[in-house]
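Engineer: here is a sequence with its predicted model. Questions after.
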Amino acid sequence: MEQNPGSDEFAGMGEGSRYQVSDAAKVDLQTAIGRDAEDESLNRWKQSILAGAGAGDTSDPRHLVLHRMQLEAEDHTLVFQLMTPEDINRLKTDRFVLKEGVDYQLAFYFKVQHDVVPALKFMQATYRGPIRVDRGSFAMGSFAPKPDTQIFRFPTMKAPKGMMSRGTYKCKCRVCDDEQTHLEFEYTLDIKKNWE
């Protein structure tokens with residue numbers, strides 16, 4: 001367990017990856033589509049992947065628009081709205097109850113617009129009081145622009161169980177890629193014996 005140092009909870013997470021995008025390799029979407037124009041098979045593949053390129057609200061400069069995160073367990077679904085600054089602020093004060101010991105799955109609902117989002121990842125640091133009790137980084141992958149909402153589901157996880165695990169946890173989250181941080185948010189989970 002580690003004390004909350006008051007600095008970046010995510011420092012060092014994801015660094016040193018051999019898959020990070022270098023500045024020299026970055027090209028705009030139209031240049032990437034135009035490369036290898038004589039390769040018919042490659043062009044068909046690019047069109048299938050990039051069919052929604054340029055899709056999105058032109059007044060919204062974001063490449064990644066996160067709609068919500070859902071925690072799905074048994075017959076309960078906890079919904080964390082992420083669309084507006086008001087939604088993000090509300091998450092800081094709302095408390096969500098999670099039953100101890102249940103299997104659960106996180107799912108992100110999002111839209112990619114204007115350009116490819118490379119090497120997207122979700123990072124979370126979990127605190128119980130001032131003590132950080134868990135920290136994880138989860139690779140989500142790279143996503144092309146599409147007009148429809150995309151869904152990414154994480155592998156199933158198990159909530160802590162037992163009297164010592166029950167209590168209030170503050171989770172600090174970051175959704176980022178190799179180029180930028182798309183969103184940071186916090187939420188509070190109460191792990192209880194039952195759903196109420």
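Structural biologist: Nice, I can see it. Residues are numbered from 1 along each chain as shown.
Engineer: in the protein, which spans are helices?
Structural biologist: Using DSSP state H, the helices of the chain run over residues 29-34, 40-49, 85-93.
Engineer: which of those helices comes out lowest on mean pLDDT?
Structural biologist: Lowest mean pLDDT within these: helix 29-34, a mean of 67.
Engineer: okay, the residue nearest to Asn194 when sequence neighbours are not counted and Trp195: tell me how far apart.
Structural biologist: In space, and not counting its chain neighbours, Asn194 is closest to Lys99: 5.9 Å by C-beta to C-beta, 6 or more residues apart in numbering. Any C-beta I mention is one placed from the backbone N, CA and C, and that applies to glycine too. Distance of Lys99 to Trp195, given as C-beta to C-beta, to the nearest Å: 5 Å.
Engineer: more crowded one of those two?
Structural biologist: More crowded of Lys99 and Trp195, by other C-beta atoms under 10 Å: Lys99, with 17 against 12.
Engineer: just the residues contacting stretch 179-193, thanks.
Structural biologist: If you take C-beta atoms under 8 Å, 6 or more residues apart in numbering as the criterion, stretch 179-193 is touched by 21, 26, 62-64, 66, 80, 82, 88, 91-92, 94-100, 117-118, 120, 159-160, 165-176.
Engineer: in PyMOL, how would I select the buried members of the residues you listed?
Structural biologist: Filtering these down to the buried ones (16 or more other C-beta atoms under 10 Å) takes a single PyMOL command:
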select buried, resi 62+63+64+66+80+82+88+91+96+98+99+100+117+118+120+159+160+169+170+171+172+173+174+175+176
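Engineer: just the contacts of stretch 179-193: which are in strands?
Structural biologist: 64, 66, 80, 95-99, 117-118, 120, 167-176 (DSSP state E).
Engineer: phi first, then psi, for the residue of the chain most remote from its centre.
Structural biologist: Residue farthest from the centre of the chain, counting by C-alpha atoms, centre = their mean, is Glu38 at 36.8 Å. Torsion angles at Glu38 (phi, psi; degrees, to the nearest 10) stand at phi -80, psi -10.
Engineer: show me where the chain dips below the pLDDT cut-off.
Structural biologist: Applying pLDDT under 70 to the chain flags residues 1-7, 10, 12-30, 32-33, 45-57.
Engineer: residues in contact with Asp60?
Structural biologist: Gln113.
Engineer: what distance do you get for it to Met83?
Structural biologist: For Asp60 relative to Met83 (C-beta to C-beta), the value is 11 Å.
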